[in-house]
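Enquirer: below are the sequence and a predicted model; questions follow.
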Amino acid sequence: MIEINRIRENKDEIIEKLKKRNFDAEPIVSEILSLDQEWRSAKQKKDDVCQEMNSIAKEIGQLFKAGNTEEGNAKKARATELKEVDKDLKDEVDNLADKIQQSLYELPNVPNEEVPAGGTEEDNVVVSTHGELPDMDAEALPHWEITKKYDLIDFELGVKVTGAGFPIYKNKGARLLRGLINFFLDEANKAGYTEFVPPLMVNEASGYGTGQLPDKEGQMYHVTEDDLYLIPTAEVPLTNMFRDVILNESDFPICVTGYTPCFRREAGSYGSDVRGLNRLHQFDKVEIVRVEHPDKSYEALDGMVKHVASLLEKLELPYRILRLCGGDLGFTSAITYDFEVYSAAQKKWLEVSSVSNFETFQANRLKLRYKDANKKKALVHTLNGSALALPRIMAALLENNQSENGVIMPAAIHNYIGFEKIA
RNA sequence: GGAGAAUUGGCAGAGUGGUCGAAUGCGGCAGUCUUGAAAACUGUUGUACCGCAAGGUACCGGGGGUUCGAAUCCCUCAUUCUCCGCCA
């Protein structure tokens, strides 16, 4: 959420920058500013009435104490009158504040300077490409064939037990998954991230805190009986641990990591995109989250990008880094780098990580601030990234490393998974 | 799931209808004393919002209500603790 003060002061700049998202902010911003005017004047009025009520109440108290009940009762009439006025004004103020809040929720984050203009993923900029693309012959199997061939994942069984998009990993498939999770967590630990095991369900306030609510309501599984949401990413609980927190400057940098399953309804997805492991309702992911001083957040972003790159290097997967264009940028993000690995049999790039700086957008919703040396409070910057999402990594590992002798696993994870090849 | 108790400022803890934004202690900050430090003493010390300012408003777990007036009374929700039940 963009701070209202920033809108008051930099209206034109915000409108201009949001154009990069193909988002016409002018109507909402104007609406907010005019509501804000109304709100301020209504609040002033209300405060004045409250002041009078408070002083009358005080007088009445003194009159009664002095035994002057007659005059006291007379004043009650005026107080009762004011109470009506106050009630109306309170409704007006609340109503206006609520409208402002709703409109603020509709504004996406202001993109960073470096975000390229553009409407769709076509316009994302390839920052760099690493590794050689394997040249597979035509018989190369897509991962859903490989998993069947070696009995690594049972998609149909998942359908029986739960539904489509809930695969059941087994044998070396299960061990590969588990080993990769441990590998990613160990690497994150080595890079200085503190490990957490967070809850897999969060309350509504947390959903708002990181920005999944209200704009992505339909993407989360909602347990209505208890009004809890299954997390779509560990970002939600990991970042919300810091909701309503005031940090000291000495607390920075804050680097946390956690592994969780992630649950996404993925309403509206279809076709080859959802084949095999490409898109699931439940998948596993190791997430890294950072809470940073505003001056240091881009340095942190850089470090996160390097960390993710190092994981892919160790897994010996060809990958590329994209800078997302305005149109493809997530609602809450100021800048995002996507990592894609090349899936040799499907012959396409699969997104396996998304690293973002949210600047103050989440912090504002989270009321996550820090106290500087002069004890002034200011919003922090929050960042997060996948390090990494498991299914597509597995898909690429299986497809890219297939051979007549089985699927050869990269050396970096041999000790984690307990085998060198799947045959 | 049932019964009971509790929730107050950074912490501890008073406060049961008006003068309470809230005693007191600890902690924090500033000062006196000291070569320095400690101790002692003195003063000071919440947050947010509106306002150019003066100033004002709100906040005693959240929300609602009673009242001229609520930290204090009522309703409701949440959380914590104790006891019982159930259970990996």
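Expert: Thanks, I have the structure now. All of these numbers come straight from a predicted model, not from anything done at the bench.

Enquirer: specify the residue ranges that define each domain of chain A.
Expert: A:4-106, A:121-422 (automatic domain parsing).

Enquirer: just tell me which of those domains ends up closest to RNA strand B.
Expert: Set against RNA strand B and scored by C-beta to the nearest atom of the strand, the domains of chain A come closest in domain A:4-106, at 2.8 Å. In short, each C-beta sits where N, CA and C put it, glycine included.

Enquirer: A:Asp226 versus the nearest residue to A:Leu141 once chain neighbours are set aside, what's the distance?
Expert: With sequence-adjacent residues excluded and distances taken as C-beta to C-beta, 6 or more residues apart in numbering, A:Leu141 is closest to A:Ala345, at 5.8 Å. Going from A:Ala345 to A:Asp226 by C-beta to C-beta, to the nearest Å gives 43 Å.

Enquirer: got it, and A:Gln402?
Expert: In terms of C-beta to C-beta, A:Gln402 sits 45 Å off from A:Asp226.

Enquirer: give me the residues contacting the helix or strand where A:Leu397 lies.
Expert: Per DSSP states H and E: A:Leu397 is located in helix A:390-400. Residues from elsewhere that reach helix A:390-400 (C-beta atoms under 8 Å, 6 or more residues apart in numbering): A:134, A:136, A:140-143, A:146-147, A:152, A:167, A:173, A:176-177, A:180-181, A:276-278, A:280, A:283-286, A:315, A:317-318, A:341-346, A:350-352, A:407, A:409-410, A:422.

Enquirer: packing partners of the helix or strand following it?
Expert: As assigned by DSSP H and E, the chain's next helix or strand after helix A:390-400 is strand A:402-403. On a contact count with 3 or more C-beta pairs under 8 Å, 6 or more residues apart in numbering; DSSP states H and E, strand A:402-403 meets no helix or strand.

Enquirer: what residues does strand A:402-403 touch?
Expert: Contacts to strand A:402-403, defined as C-beta under 8 Å, 6+ apart, come from residues A:136, A:140-141, A:146, A:345.

Enquirer: just how off-centre is that strand within its chain?
Expert: In terms of C-alpha atoms, centre = their mean, to the nearest Å, the centre of strand A:402-403 is set 37 Å apart from its chain centre.

Enquirer: output the below-cut-off pLDDT ranges for the stretch 251-400 of chain A.
Expert: Scanning the stretch 251-400 of chain A with the threshold set as pLDDT under 70 gives A:268-272.

Enquirer: which parts of it are strands?
Expert: Remark: strands assigned in the stretch 251-400 of chain A by DSSP state E, counting those that start in this stretch are A:254-263, A:282-292, A:319-323, A:335-343, A:348-359, A:369-371, A:377-379, A:381-389.
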